[in-house]
Each structure stands twice: as structure tokens, then as C-alpha cells.
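Trainee: Kindly generate the corresponding structure for this input.
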Amino acid sequence: MASIPTHLLLLCNDQVQAYFSDGSRLQLSPCGSVFVCETPPNPAQHALQGVRRVQQRTRFVTSEFRSRVLQVLEFRNRFCERPYLCQELVEQDRVVNSCCDLTQTKWPSTLSNNNNNTTTQDTGSVTVTSLDNLVTLCLAPHGKEFTVTFLCRINCDLQMDNDTTRSSMSNKCQEGPNSSLRNRIQMKDDKRKTPGNNDIVEMGSSCTWVTQHHSVNHCPEYWTHPLKLALHGHKMTENEGRKDSCKATFSDTFSDGQKEGVDKEGQEVVTGRLPSALPLSCKSSHLHQWAKPLVLGGGMEEGTILCQQQGVKVCALQGVLYRLLWGGRRCVEVYPGDGSVLVSQGVLGHFFHHYKYKPATKQFQQQVLCVSSLPPDLPGDNYSTARLVSMAARLLEHSNNLVTSGATVAAKCCWKDDPSADPTPPLPSMLLEESEVAGLGRFQAYSDGRVHVVFEDRTVLDAVFDFSGRVQRCKRHSPEKAERAYDAVQRSITRGSQCSAAGQVCRLLLRNGQYCTVPQHAPGHLHRYVQAAVEWAGWVQCTPEERADFYRGTVYDPEKKGAIAAELSKIKCFNYILENAAFPWTAVPARYDRGRMEVESATTHPSHLSAAGIPIPSDSNPTTLLDIAAILKMTSQAIEDINVLQSKRKDMRF
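Mentor: Presented below is the predicted three-dimensional model:
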């Protein structure tokens, strides 16, 4: 008997966890190339044998786990941006051959130039088709979800195909001397048909149609423009008399990878990218994280979902789809399967809006539900609205608790790990400048743009900057050194252009041994490390003439440093005089009170002389305190003496 999935979970890092009716669990990596299946012991086996855990490559799955992997892959490809497709797991009746360029597609720029590419169905849904018929986007009648179907190329092992072609060519060459001409012609044809890494295969490649479901509030960048067209058409359908105003308010902004142009027929089109299939093997398999071992009798399905330590993006439970949207405004969407949708309102989710579409009137019926007072279930309903709303509220509360507790909502995704974001270069380079700053640490700048800083508190920072200008100057005045390090110089120029085009990041190794990556424009609590590195990079880029004024006006200015040192020296000298001079206001112990101090000062010393022999103003009352004006005058005289003494010391030095 085949096992049936009871509930499926798609985490925020695209990892899938599937629980089946026989008690087994299957975990699929974010890239889809590796899976781990855990099966409980057979009732005929001994209980001490425990749970069986098997890890395999997805494309080489055995027949024992093939049906489960196919079900999990189907779920993953429907809700992730990029699908995982391999020849071994795609059914032959779904494979088509195509010679088209499947990396991009063309859309009409506006609804006025759509050439009937946008249609409205009787059910209220809006369909947008690309000009080359490679993609079809369908917006649901309630306007909260859309379905997209596109043609995607199936990944195959090109190296294996090339080896097979070469072996067949070598066998043909060994047939005999009479077939030499035929062999040459055949070899030329085979070379022409041999697929390359970046070439379009003339004979056609294996493709399949992929269907995805996404939320309108969280749309991937591939489908932003067709979604705008669909939403615009949906709005025009609702307001037939406001077509002109709709055209005027239509947004012409395009996301990354989409650009406007004109085709051969003179029609304005927008070219957008298409998602490609993920590679068959993962280059960042060290980022795969598996859940804790399966526990027999682990509890109810709701408890399994609410015990997740990471954020859940999509959950399929008992035929109902729950989609959680993470971002500035967290909400949950519930799709019971009858064409309606439940959407939470507010961060806490105390209220839900239930949208139901009526094809007869082509209108929506909106109902507001309160979590604290849900309506009772009516006889004949296909599902319990109270149960769905309660489950959705618990999921939203669990997501809020994860965010407020500071837990990791989404672990690092292996296939989204961009190697270009790693500031560490793969090859050695020339050392441009090195300096050790007291109180900060050791700074190093390399010709490929990398800045390596080791602070005194053992924090290590790596970042990439644009040092191409500095390298070009070094190349002009030291051509022999630049010639010996030609690769490093060229890599610096290339890295500089990349830094100017992409956002810069800094990678830090903290004192506790953890790595963290922060953007330079928003480093957060690590701003003092990032600011020091940015200032050092600016110093390295400056010319010798600019360095004279680089720190002018800051605390690192040499002139201000000298003035600060002089003031500190004055303060030290003044404190030394106060501590060692026998002034009456400092010679009296602090433990004596004011009256006793006055009596002792009047009886011990004459009224007109202090302990140091300095004349002080007298008064009719011998116990009167010193005049404040005289004290200030003596203080200013002491400061002048200090200035004279320092000027004499400078004259003696020079």
C-alpha cells in the first residue's frame, strides 16, 4: 500500500518536510538534490531497532522511496521560485522537445498593446499570455493568488553525453579504411550536434511545463510585469466605466531583469527573464540542515507544525493550504479549495476577511470573522470555517513568537548562496598597503580590492572595495611590479567594476567564533568596525596630495592632535602644582571642619602671609577666607608661568 502524505511543510529557506500516513518523514534539501527519509520500524521487527534513516541523491533515488520523492518534488516545484528537474524523475509523457530560448520571454508593455493576450474568463479570473506563448499567468477571481505555467528546460548531465558521443565517434573511426570519408562527415555532424555549456542545442532539448502558485503580496521578480497586467485587467473588469483612468494610473516601472523595447513589428514589448531549473548537484551542501531525528508517536499534526524552529512559508494540511507571508506586514492566507480565501488582518491576526466569489453576479462577498467569536458550523458545509481560522491564528501567533524571540526565521539557503558575495578572493594578490593603528588593530589592503582588518578585540573583518584607481596609478609609476602581478591587477579592475554595480557587504568573524555578514550602509551594532574599514579603504584610494587633507577637521588631524596634547600637558602640570604647592586652601586636611580650619589659619600664620609666603589680602576679621579675585589672579599667573616654561622647552629642543 502506497503511503499518502498527511501534511507538507515548505520552510522559508525552501526546505521541505513531508509526513506520511505510515509514520515516515522525508526531508528535501532547499535545492532539491538530496533527501533524507526516516521510516519507523516494521511491526514485525524488534522495537529496539529504532528509526531507519536513509540519505540519497534525488536523481538516483531507489524504487523504495521513489513515490514519496515524486510527491514531495511536485509540492516543492509548485511553491518555489526555481524548480528541480531531472530526466530520471520526469515522466516521459510530460517531456517535450523545444529549440526556443527559454532564458527570457516577451510581454506586451500595456493592455492597449496586448493583441488579445489578456483575457477575462467567465469565472472572474484574468489570463495573461506572453507574446511567444511560453508563459501563461492566471490571476484568481479573488485577486489574492495567481498561477503561472511556463516551459522549462530539464537539466541533464552534459559531461556524460559528451563522453558517449566521443566513444561512439572513436568506434566509427576503427571500422576500416574504406569508410574514412563517411567517418569524417559523420564526425563533423556529431561535433555540430554536440551540446556545449553555453550553446543552444540545434537538435532541441528536453523541456517540460512547470506550474507554480504564488501570492500577489509576495510575487517573485520574474512575474512582476505580467502580474501588473493581470491586476490592471482585473480592475478594469470590476470598473468598466473607468478604463481611461486605469490606463493613466498604470505603473511603467520594471524590476531587475526586465527592460522595455520594440520588436520587429514595431510593437512595444517588455523582455523578462524566466526561471531556470536548479543544478543536479549542490555546490553548498554544507549548508543543508536536517531536523532532529524522528520520534515515534511524535504527536498531532498541528503540534508538529507549531514546534518548528524555523519559519514555515507554505503548509498543506488535510487538503487545506496555509501560506504565511513574512516581511514588514506578516499575515496568513488560507485556501480551503473551493475558490475562496481567508486573509488575516493586522499583525496579531484577531480578525480575518473571508472572500467568496459568486460567478452568477460576478461579485465578491466579503465576510469579517473575529477569532474570539467564530460562527458555528452549519450542516452541509464542506469544511469548518472556525477550525481553519483557529489554525491560521495559531500559525500567525507562532510566527510572531519566532520573530520576537530573536530565533532564526530562515536558515541560509544553499542555492541562493552567491559566491560573488563572499569578500574572500579565491587567489592570492598583491599587498597594496599595511598599517597598524594603536588602539584599533592591523589594517591590510590588497590589489584585488580586499580589505582585511584584525582588531585588538580579536574581531576580524573582510570587505571588498574598488581599488582599481590605486592599482592603475601603481601600474604607471611601477610597470615592472604590475607586469609581474598582471593577474592580480586585472582581477582588481574587474572586482572594482563589480563593487560599483553591486551592493557592498562586510563579513566579520566575531569574538565568539561566529561569522556574520552585514551591509556597509546598515551595519547595525557593528558600525564601529565597518566605519573603521571604510575609512581605511578611503585612505588607501587617496593620492599622496589628498592624504594631507584626508583627516583635516577630524580627531585624527595632526595639528589638532598637537593642540590636544599641549592642553593635556598643561592640565597635568597645573594638577602637579596644585598637589605639591603649600597653598592654604590645599594644605589643610580635608577631615577638619570649616570653623577649625579658619582658627588654625589665623593662629598658625600671620594675617598678611600664607604658608608659602604669598601676600594675601587682610581683613578686620582674621578668620575671613581668601578673596576669590586674588585666587583667580594667582591661578592665571600660574598658567602663564606654565606657558613660558613650555615655550622655553621647545626652544631648547630646536
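
Trainee: For the rest of this, base every contact and every neighbour count on C-alpha atoms.
Mentor: Noted.

Trainee: Strands along the stretch 301-450 of the chain, start to end?
Mentor: Here the stretch 301-450 of the chain has its strands, by DSSP state E, counting those that start in this stretch, at 312-317, 320-325, 331-335, 341-345, 351-358, 363-370, 431-437, 441-446, 450-455.

Trainee: Provide the strand pairings for the first one, with the direction of each partner.
Mentor: In other words, strand 312-317. In its sheet, strand 312-317 lies beside strand 5-11 (antiparallel), strand 320-325 (antiparallel), with partners assigned from DSSP bridges.

Trainee: could you give the mean pLDDT of the lengthiest helix in the chain?
Mentor: What stands out as the longest helix in the chain, according to DSSP state H, is helix 628-653. Computed over helix 628-653, the mean pLDDT rounds to 73.

Trainee: Just the buried positions in it, please.
Mentor: Buried residues in helix 628-653, counted by 16 or more other Cα atoms under 10 Å: Ile642.

Trainee: Likewise for stretch 211-220?
Mentor: Thr211, Gln212, His213, His214, Ser215, Val216.

Trainee: same deal with stretch 82-99?
Mentor: Under the neighbour-count criterion of 16+ other Cα under 10 Å, stretch 82-99 has Arg82, Pro83, Tyr84, Leu85, Cys86, Leu89, Val95, Val96, Ser98 buried.

Trainee: Quick one: residues contacting the third one.
Mentor: If a contact means Cα atoms under 8 Å, 6 or more residues apart in numbering, then Tyr84 has Cys31, Gly32, Ser33, Leu73, Asn77, Ala277, Leu278, Pro279, Leu280 as its contacts.

Trainee: same check, this time on the first one
Mentor: Shown here is Arg82, whose contacts under the criterion Cα under 8 Å, 6+ apart are Pro275, Ser276, Ala277, Leu278.

Trainee: could you point out where the stretch 451-600 of the chain is predicted with low confidence?
Mentor: For the stretch 451-600 of the chain, applying pLDDT under 70 flags the ranges 474-503, 545, 547-562, 581-600.

Trainee: switch to 80 and redo it
Mentor: The model of the stretch 451-600 of the chain has pLDDT under 80 over residues 467-504, 543-568, 574-600.

Trainee: picking that back up, pick out whichever of the buried residues of stretch 82-99 sits closest to Cys542.
Mentor: Nearest to Cys542 out of the buried residues of stretch 82-99 is Arg82 (Cα to Cα; 44.1 Å).

Trainee: for the stretch 501-650 of the chain, what spans make up the helices?
Mentor: 527-541, 544-547, 558-580, 584-587, 594-604, 628-653 (DSSP state H, counting those that start in this stretch).

Trainee: can you dump the C-alpha coordinates of the longest strand along the chain into PDB?
Mentor: In the chain, taking DSSP state E as the definition, the longest strand is strand 205-215. Coordinates of the C-alpha atoms in strand 205-215 are reproduced here as PDB (Å, rounded to 0.1, in the frame of the first residue of the first chain):
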ATOM      1  CA  SER A 205      16.400  19.900 -25.800                       C
ATOM      2  CA  SER A 206      14.100  18.200 -23.400                       C
ATOM      3  CA  CYS A 207      11.600  20.500 -21.700                       C
ATOM      4  CA  THR A 208       8.500  20.200 -19.500                       C
ATOM      5  CA  TRP A 209       5.700  22.500 -18.400                       C
ATOM      6  CA  VAL A 210       6.000  23.700 -14.800                       C
ATOM      7  CA  THR A 211       3.100  25.100 -12.800                       C
ATOM      8  CA  GLN A 212       3.700  27.400  -9.800                       C
ATOM      9  CA  HIS A 213       1.400  29.100  -7.300                       C
ATOM     10  CA  HIS A 214       2.300  32.400  -5.700                       C
ATOM     11  CA  SER A 215       0.700  35.100  -3.600                       C
END
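
Trainee: elements contacting it?
Mentor: Strand 205-215 sits against helix 66-79, strand 96-98, strand 145-153, with contacts defined as 3 or more Cα pairs under 8 Å, 6 or more residues apart in numbering; DSSP states H and E.

Trainee: same question for the helix or strand that comes right after the second one, mean pLDDT?
Mentor: I take that to be strand 96-98. Sequence order places strand 104-108 as the next helix or strand after strand 96-98, per DSSP states H and E. The average pLDDT within strand 104-108 is 90.

Trainee: Just want the angle from the longest helix of the chain to helix 558-580.
Mentor: Here helix 628-653 runs at 120 degrees with respect to helix 558-580, directions being taken by axes from the mean of the first three to the mean of the last three Cα atoms, to 10 degrees.

Trainee: how about Leu231, what does it touch?
Mentor: So Leu231 contacts Leu139, Gly143 (Cα under 8 Å, 6+ apart).

Trainee: can you state the direction angle for the strand or helix carrying it and strand 363-370?
Mentor: Per DSSP H and E, Leu231 falls inside helix 224-238. Computed with the same axes, to 10 degrees, the direction of helix 224-238 lies at 100 degrees from that of strand 363-370.

Trainee: coming back round to it: show me the contact partners of the longest strand of the chain.
Mentor: Applying Cα under 8 Å, 6+ apart, the contact partners of strand 205-215 are 77-80, 83, 94-99, 144-154.

Trainee: how big is the angle separating that strand from strand 320-325?
Mentor: With the same axes, to 10 degrees applied, the angle from strand 205-215 to strand 320-325 works out at 80 degrees.

Trainee: need the buried residues of stretch 82-99 in a markdown table with pLDDT, can you?
Mentor: A markdown table is the format used below for the buried residues of stretch 82-99 (pLDDT from 0 to 100):
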| residue | pLDDT |
| --- | --- |
| Arg82 | 94 |
| Pro83 | 95 |
| Tyr84 | 96 |
| Leu85 | 94 |
| Cys86 | 93 |
| Leu89 | 93 |
| Val95 | 91 |
| Val96 | 90 |
| Ser98 | 85 |
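
Trainee: out of these, who's nearest Arg330?
Mentor: Arg82 (23.5 Å).

Trainee: Kindly present the strands paired with strand 312-317 as a markdown table, with separate columns for mean pLDDT.
Mentor: As requested, these are arranged in a markdown table below (pLDDT from 0 to 100):
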| stretch | mean pLDDT |
| --- | --- |
| strand 5-11 | 91 |
| strand 320-325 | 93 |
